[in-house]
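Undergrad: Sharing a model that was predicted from the sequence below.
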Amino acid sequence: MKLSNKLLWIYVLSSCVYFTQGIEGMPGMALFFYLKEKLHFDPSTIMYIGSITGLAWLVKPIWGYLCDNYLTKKSWIILSLVGSLGICLYLGLSPFISVPILIAILSIGNLTTAFRDVATDGIMCVEGKEANECGRIQAIQWTSITVASIIVGLIGGYIADHFNYQLSYLTLIPIYLFIISIVLKYKTTQPLNQQLEEICIKQIKVPVKINWLKLLQLIWILSLFIVIPIKLIHTTFYDINPTINYLLNAAIKSMWLVFLIDNILLYYQTIKDSKVVKSILSYKELFTNKRFLIGCLFVFLYNFNPSFGTPLSFIERDIFKWSGTFMGLLGAIVSAISIIGSILYFKFGKKINVSKVLYWSVFLGAITTLSYLYFTPTSAIVYSIVYSVLGMFIFLNVMSWMAEATIKGKEATSFALLCSVNNLAGTVSGLSGAYLFSKIGLTPLIVISALTSFLCLPLIKHLQIGETANG
């Protein structure tokens, strides 16, 4: 079947953006080695840090709302790419960065990636649903991430062994520049999601006069991901300097002052222009649609499993004596093999009974989790290869269902909310895994993680798979 030019461009845009998201893992192993072997952090601490830096992914509905109602999705994608480029320049050229500052910058980096992800997914949800191509677009997206992961495995492991994380960030700069040049060619004059943009324009007409209000809102949001992480890390891991403590407390008080002023101005503006009220109230469907709410609960429970990946990485490094190059090579091989799962879904996805896949994946997930009770160098390699194919195939089924479960007219926001719930489950999994590992050790943690797989089972029959969220 010949693709239309518009749909082809959706494939190209999605592929490029998701490739970028995957290639951003390049510094991951070098950062892990830096925290583990230079700073001598234990597994729980590294898991806590990972959860903190991922907080930006928990508020994706905010980014979805901005993408649905302000600027174009192409503009958000370009702005986020430019932001990521600036972060790479800073991290790559700075000879030394304190851990709190590093965590804050990584959090901002996740913020720019989350914005880009939401904008691209908004395009995918609208245009994919129109052409009945959500599943295939997502298969291409995640195949692109996988291809990037292969490159990350081959190059990132070598850099981790022989250089430092700064070089990893510098290698990303030409990639960002290339992707920006591709995105700039994406034509927004004739987008497939034009109907949604028209709906958004009708729903909200924001006068130029409230630009300062949006600026205050952005200052408040960005401050959350800069000041709070620095305060938390300093308080938790360091004997905080009185001067720094004073400045941080002053910054937090200023944030609340900005928040208060912002809300007063927002209240004044809503009285002045009732269309803003109507726009905000139109999103109440996200929290009153029973099927959608059940879907959110299912996504959380389906993805909630106390994590133990970081302790396994410590075992691979300290007991198996694997080098960064070997770990990267294994990751590249696993990523390459997982493409088989994407290909299978791309070919057979439309013929699959998603309910049955979800049902059996719960049991499969519990079994695969318990298999880590037997963890040797050989079994670790076998698990990684076999589970990568199954994991990708199941994951794409879940993501396709999530795209179909979005609410018409609010695709970016509703899909972002589902993804935020998914990310919330990941964050809670990381935090609970870090806590449980420090208290009970690895073996009981694996058993508990397997048992939590069954929490979502009763909800599958209530998902009404195949119906729209409006139905």
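TA: Received the coordinates, thanks. Numbers count the residues shown, from 1 in each chain.
Undergrad: Geometric centre of the protein: which residue is closest?
TA: Central residue of the chain (Cα atoms, centre = their mean): Trp57, 5.3 Å from the mean position.
Undergrad: give the contact list for that one.
TA: Contacts of Trp57 were listed using Cβ atoms under 8 Å, 6 or more residues apart in numbering, and they are Asn110, Ala114, Cys419, Ser420, Asn423, Gly426, Thr427. Just so you know, the C-beta spots here come from the backbone N, C-alpha and C atoms, and that holds for glycine as well.
Undergrad: Surely Leu154 is in contact with Met327?
TA: No. Using Cβ atoms under 8 Å, Leu154 is not in contact with Met327, being 11.3 Å away.
Undergrad: Compare those two (neighbour count), which wins?
TA: Between Leu154 and Met327, Met327 has the larger neighbour count (other Cβ atoms under 10 Å), namely 22 against 17.
Undergrad: check which helix or strand covers the more buried one.
TA: Taking DSSP states H and E as the definition, Met327 sits inside helix 324-348.
Undergrad: Now tell me what touches that helix from outside.
TA: Residues from elsewhere that reach helix 324-348 (Cβ under 8 Å, 6+ apart): 29-30, 33, 135-136, 139-140, 142-143, 146-147, 149-158, 160-161, 313, 316-317, 322, 352, 381, 384-385, 388-393, 395-397.
Undergrad: mind running it again at 6 Å?
TA: Applying Cβ atoms under 6 Å, 6 or more residues apart in numbering, the contact partners of helix 324-348 are 29, 136, 139, 142-143, 146, 149-150, 153-154, 156-158, 160-161, 384-385, 388-389, 392-393, 396.
Undergrad: Write a ChimeraX command that selects only the buried members of those residues.
TA: Those of the contacts of helix 324-348 that count as buried under 16 or more other Cβ atoms under 10 Å are selected in ChimeraX with:
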select :29,136,139,142,143,146,149,150,153,154,156,157,158,160,161,384,388,389,392,393,396
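Undergrad: Where strands are concerned, which of the contacts of helix 324-348 count?
TA: Assignment to strands by DSSP state E places none of the contacts of helix 324-348 there.
Undergrad: Would you mind listing the residues in contact with Arg136?
TA: Applying Cβ under 6 Å, 6+ apart, we find Arg136 in contact with Phe346.
Undergrad: Over to Gly156?
TA: Residues in contact with Gly156, defined by Cβ under 6 Å, 6+ apart, are Met26, Met29, Gly328.
Undergrad: ok, the closest residue to Ile87 other than its chain neighbours - how many residues close by?
TA: Distance criterion Cβ to Cβ, 6 or more residues apart in numbering; nearest residue to Ile87, sequence neighbours excluded, is Gly109 at 4.8 Å. Gly109 has 23 neighbours, counted by other Cβ under 10 Å.
Undergrad: gap between Gly109 and Lys74?
TA: Distance, Gly109 to Lys74, using Cβ to Cβ, to the nearest Å: 21 Å.
Undergrad: Only C-alpha atoms, please: export stretch 24-42 in CSV.
TA: The C-alpha atoms that make up stretch 24-42 are tabulated as CSV, following Å, rounded to 0.1, in the frame of the first residue of the first chain:
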residue,chain,number,x,y,z
GLU,A,24,20.2,10.5,24.6
GLY,A,25,21.1,7.4,26.5
MET,A,26,24.6,7.7,25.3
PRO,A,27,26.0,9.2,28.6
GLY,A,28,24.0,6.7,30.7
MET,A,29,26.7,4.1,31.4
ALA,A,30,29.4,6.7,31.8
LEU,A,31,27.2,8.5,34.4
PHE,A,32,26.5,5.2,36.1
PHE,A,33,30.3,4.5,36.4
TYR,A,34,30.8,8.1,37.6
LEU,A,35,28.3,7.7,40.4
LYS,A,36,29.3,4.2,41.3
GLU,A,37,33.1,4.2,41.0
LYS,A,38,34.1,7.8,41.3
LEU,A,39,31.6,9.0,44.0
HIS,A,40,31.1,5.4,45.4
PHE,A,41,27.3,5.7,45.6
ASP,A,42,25.4,2.5,46.6
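Undergrad: Any figure for the gap between the closest residue to Leu424 other than its chain neighbours and Ile385?
TA: In space, and not counting its chain neighbours, Leu424 is closest to Leu58: 5.3 Å by Cβ to Cβ, 6+ apart. For Leu58, the distance to Ile385 equals 32 Å [Cβ to Cβ].
Undergrad: quick one: Ile46 and Thr310 touch, right?
TA: Yes. Counting by Cβ atoms under 6 Å, Ile46 does reach Thr310; the two are 5.4 Å apart.
Undergrad: any low-confidence regions in the stretch 301-450 of the chain?
TA: Low-confidence segments of the stretch 301-450 of the chain (pLDDT under 70): 349-350, 409-413.
Undergrad: ranges for the helices of it?
TA: Secondary structure of the stretch 301-450 of the chain (DSSP state H, counting those that start in this stretch): helices at 309-318, 324-348, 354-371, 377-404, 411-440, 442-451.
Undergrad: if I look at the closest residue to Met392 other than its chain neighbours, how far off is Ser388?
TA: Nearest residue to Met392, sequence neighbours excluded (Cβ to Cβ, 6+ apart): Gly341, at 3.1 Å. Per Cβ to Cβ, Gly341 is found 7 Å from Ser388.
Undergrad: Tell me how far Val362 lies from Pro306.
TA: Distance from Val362 to Pro306, by Cβ to Cβ: 16 Å.
Undergrad: ok, these two, which is more surrounded?
TA: When Val362 is set against Pro306 and neighbours are counted by other Cβ under 10 Å, the residue ahead is Pro306, at 22 against 18.
Undergrad: What does that one show for phi and psi?
TA: Dihedral angles of Pro306 (phi, psi; degrees, to the nearest 10) stand at phi -50, psi 130.
Undergrad: domain ranges for the chain?
TA: Split into domains by automatic domain parsing, the chain comes to 5-207+273-462, 208-272.
Undergrad: for those domains, which one ends up most surrounded?
TA: Most buried of these, by mean neighbour count (mean count of other Cβ atoms under 10 Å): domain 5-207+273-462, with a mean of 19.
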